[in-house]
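Okay, sequence plus prediction incoming.
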Amino acid sequence: MDKEEIRIYSEQDMVGIRAAGRLAAEVLDHITPFVKVGVDTESLDNLMNEFIQSKGGASADIGYCGYPKATCISPNHVICHGIPSPDKYLQNGDIVNIDVTVVLDGWYGDTSRMFYVGHPSVKAKRLVQTTYETMMAGVMAVKPGATTGDLGAAMQSVAESAGYSVVRDYCGHGCGGIFHGAPNILNFGRKGAGVKLVPGMVFTIEPMVNVGSFETMTLKDGWTVVTKDKQLSAQFEHMVAVTSEGVEILTLSPKGWNYPPYQGG
Ligand code: MF3
Ligand code: CO
Ligand code: CO
């Protein structure tokens, strides 16, 4: 089987990729004050789409394999690819992932964060905190010479030590010049396995962590991925570049809102 080639980006390419990553992070900053009890997820999607367009970008999601909306909004037991809907209202206690991929001047920026709606339970907040730590364990393992398996092993260890499971069916991916490319960044694995990292690679790290089992199910709409056991799931996503020093996070929040609570709440 032919292996898709992993792109190595030049410093000039990185200027464009950085701008796309920053815009994606700005979209999440922009939507933060609107993520509240009673809002419907289509309104959030429209606000984000308008913001992206006002900055000269476009959503990469719209029309991607027929996907109908600008962003993915995935509450509670929805693992990923929740379709924004006028009938889906956020409720007190929800935890919700918002995932944004923009294309700006031909470059892709992909990031997601969890949000608290009102006052989630201690159990829900613990899942969200651990999922952020899981993602960051993956991010911190990025350096030249490390392997994709090192990242997966680091993430799996944090999530499973807390008693959670990591989703197997979806993973991080090469990004930057394309939406989804090589290499795959699995959220589990063995140290030393997989692809060796070199400076100039760009990919996402996006672990999905479940309270219960890692098994997934896709709803009849063809997109919405849920936990089979209906227990809670959480996800964070950063796009990163491998540098000669280690790692550059391309989707940090300009406002410092990288994990909740975002406004002191
Ligand atoms: N942003 C998602 C990812 O992290 C992909 C969404 S594809 C869509 O890779 F079609 F569902 F929007
Ligand atoms: Co992604
Ligand atoms: Co994404």
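Done, it's in. Numbers count the residues shown, from 1 in each chain. Ligands and ions are numbered 1, 2, ... in the order given.

is the longest helix along the chain anywhere near ligand 1?
As assigned by DSSP state H, the longest helix anywhere in the chain is helix 11-31. No. Interface with ligand 1: helix 11-31 contributes nothing (C-beta under 6 Å from any ligand atom), its closest point being 9.2 Å away. C-beta coordinates here come from the backbone N, C-alpha and C atoms, glycine included.

Need the contact partners of that helix.
By C-beta atoms under 8 Å, 6 or more residues apart in numbering, the residues outside helix 11-31 that reach it are 9, 44, 47-48, 51-52, 55, 57, 71, 98, 100-113, 176-177, 202, 239, 241, 250-255, 257.

ok, 7 Å please
Under the criterion C-beta atoms under 7 Å, 6 or more residues apart in numbering, residues 9, 44, 47-48, 51-52, 55, 57, 98, 100-105, 107-111, 113, 176-177, 202, 239, 241, 250-255, 257 lie in contact with helix 11-31.

again, but for stretch 82-91
Applying C-beta under 7 Å, 6+ apart, the external contacts of stretch 82-91 come out as 35-42, 44-45, 68-69, 71-75, 96, 117, 221, 223-224.

tell me how far the ends of that stretch are from each other?
Taking C-alpha to C-alpha, to the nearest Å, stretch 82-91 runs 16 Å from one end to the other.

is the residue sitting nearest the centre point of the chain in a bridge, and if so with what?
For the chain, the residue nearest the mean C-alpha position is Glu237 (2.6 Å; C-alpha atoms, centre = their mean). Beta-bridge partners for Glu237, by DSSP bridges, are Ser112.

measure it to ligand 1 for me?
Counting by C-beta to the nearest ligand atom, to the nearest Å, the gap from Glu237 to ligand 1 is 5 Å.

Would you confirm that that residue contacts Met208?
No. Applying C-beta atoms under 7 Å as the test, Glu237 and Met208 come out as separate, 9.4 Å apart.

if I pick Ile249, what's in contact with it?
If you count contacts by C-beta under 7 Å, 6+ apart, Ile249 has them with 139, 238, 240.

hmm, I was thinking of Arg190
Contact analysis of Arg190 by C-beta under 7 Å, 6+ apart lists 149, 153.

secondary structure class for it?
Assigned by DSSP: H, G, I helix; E, B strand; the rest coil, the conformation of Arg190 is coil.

residues from the stretch 101-250 of the chain in reach of ligand 2?
110, 204 (C-beta under 5 Å from the ion).

So which residues of the stretch 51-200 of the chain form strands?
58-59, 72-75, 78-80, 95-104, 107-116, 165-166, 172-174, 181-185 (DSSP state E, counting those that start in this stretch).

outside of the fifth one, which residues touch it?
Contacts made with strand 107-116 from outside it, assessed by C-beta under 7 Å, 6+ apart, are listed as 16-17, 19-21, 23-25, 28, 35, 60, 95-102, 128, 131, 175-179, 204, 206, 234-239, 250-251, 259-261.

so does it get close to ligand 3?
Yes. Legend: contact between strand 107-116 and ligand 3 by C-beta under 5 Å from the ion is shown at 110, 112.

Check the last one too.
No. Contact between strand 181-185 and ligand 3, assessed by C-beta under 5 Å from the ion, is absent, since the two come no nearer than 12.1 Å.
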